[in-house]
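A.B. asks: Fold the following.
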Amino acid sequence: MKNALLITLLLPLAGTAQNVEYAWLNQPCASLLNCDTGCTACNMPANASTQFFGNDVGWLGVDVCPHPVTVGNNALFTYGWPTIPDNDHAVIVTGIAFTPTRIDSIIIRHTSDPDGPQRMQVRFGINQSMPTTIIGDVDVPEGFGSSVFTNLGDVTHDETMVYGFFSLLLQPYQGAGGSWDLDDLRLVGSPMEMTGIADLQLPDTSINLPRYDALGRPMAQKRGIRFYLDRSKRVVLQ
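C.D. replies: Now for the predicted structure:
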C-alpha cells in the first residue's frame, strides 16, 4: 500500500474582495434600532455574499440611539460607557465564512462628545465567541474619523464545523457620561483558494529485491558455490 502526503495551501484570490459593511441606513429591514429622541436605523450589514457575511450587531450594556448625519444615513449615538473596559459593555460584531477568507482590514468611522469616551479598545478573534486578543487601543477622533486595523488572519473551519466565524468587540472607555458615536463599520475580506499538492508516494514496508550472479542471472534459491553481485562483489560458500 502507498501513502500520499497532501499539502494544502491557502492563497488569496486577487480582485475578489468581499465587504461586510454596517452603515445603519434609514431603511426597513428585519432588524431595526430606534429610540424616542432619534430615528430608525437598519442594524444589518449591506452584504449580499452567501459565503462571507455579518450578523446583526449586538449592544451590550449601553443605550443606542440613531441620528441622521446625511439624508438616509445615520450615526449611532451610544451612552453608558465605563471608565475602563469591561466585559459588560461592548459593541459585538460577528460574521461567518463558509469558504476560507482572509480578513484584510477593519475600518471603524467614529467620534465622541467632548465628555464622551476618549479611547477605544478593539478585540478580535477567529472561531471565538468572546475574543481576548487586543488588536488596538486607540484615541477616539475629534470629529468623525477612521481607525483602521489590517492583516487580522484567516477565517477557516476545522473538521467539526461547516463554517468559520469571526468576532469583533469595540469597547470605548475613559469618558464622563457623554456619547460615543459610530457612523460606519466595514470589514474587508479576500476569499482563499485551497490548493492540494500530492507528495511523493513511498512504500510503507521494505521490499526484498532479487539478487543476481556475476553473469546477470537470478540467484538460485539453493545451496552451492556462487559468485554474484549485490552492490559489492562477493564469494559465498554454502
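
A.B. asks: only C-alpha atoms for contact and neighbour calcs from this point on.
C.D. replies: Will do.

A.B. asks: what ranges of this protein fall below the confidence cut-off?
C.D. replies: Per-residue confidence for the chain (pLDDT under 70) gives these ranges: 1-16, 48, 193-238.

A.B. asks: what residue lies at the spatial centre of the chain?
C.D. replies: Nearest to the mean C-alpha position of the chain, by C-alpha atoms, centre = their mean, lies residue 155 at 2.8 Å.

A.B. asks: Quick check, that one in contact with residue 95.
C.D. replies: No - Residue 155 is not in contact with residue 95 according to C-alpha atoms under 8 Å; the separation is 9.8 Å.

A.B. asks: Between the two, which contacts overlap?
C.D. replies: Common contacts of residue 155 and residue 95 (C-alpha atoms under 8 Å, 6 or more residues apart in numbering): 165-166.

A.B. asks: Output stretch 99-114 as PDB - backbone C-alpha positions only.
C.D. replies: The C-alpha coordinates for stretch 99-114 follow below in PDB (Å, rounded to 0.1, in the frame of the first residue of the first chain):
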ATOM      1  CA  THR A  99     -15.200  29.300   2.500                       C
ATOM      2  CA  PRO A 100     -11.800  30.300   3.900                       C
ATOM      3  CA  THR A 101     -11.500  34.000   4.000                       C
ATOM      4  CA  ARG A 102      -8.600  36.300   4.900                       C
ATOM      5  CA  ILE A 103      -9.600  39.400   6.900                       C
ATOM      6  CA  ASP A 104      -7.600  42.200   5.200                       C
ATOM      7  CA  SER A 105      -8.800  45.200   7.200                       C
ATOM      8  CA  ILE A 106     -11.400  46.600   9.600                       C
ATOM      9  CA  ILE A 107     -12.300  50.300   9.200                       C
ATOM     10  CA  ILE A 108     -14.300  52.000  12.000                       C
ATOM     11  CA  ARG A 109     -15.600  55.600  11.500                       C
ATOM     12  CA  HIS A 110     -16.400  57.100  14.900                       C
ATOM     13  CA  THR A 111     -16.100  60.100  17.200                       C
ATOM     14  CA  SER A 112     -17.400  61.200  20.600                       C
ATOM     15  CA  ASP A 113     -18.800  64.100  22.600                       C
ATOM     16  CA  PRO A 114     -16.200  66.200  24.500                       C
END
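
A.B. asks: Give the buried residues for it.
C.D. replies: 99-113 (16 or more other C-alpha atoms under 10 Å).

A.B. asks: I'm done for today, thanks for sticking with me.
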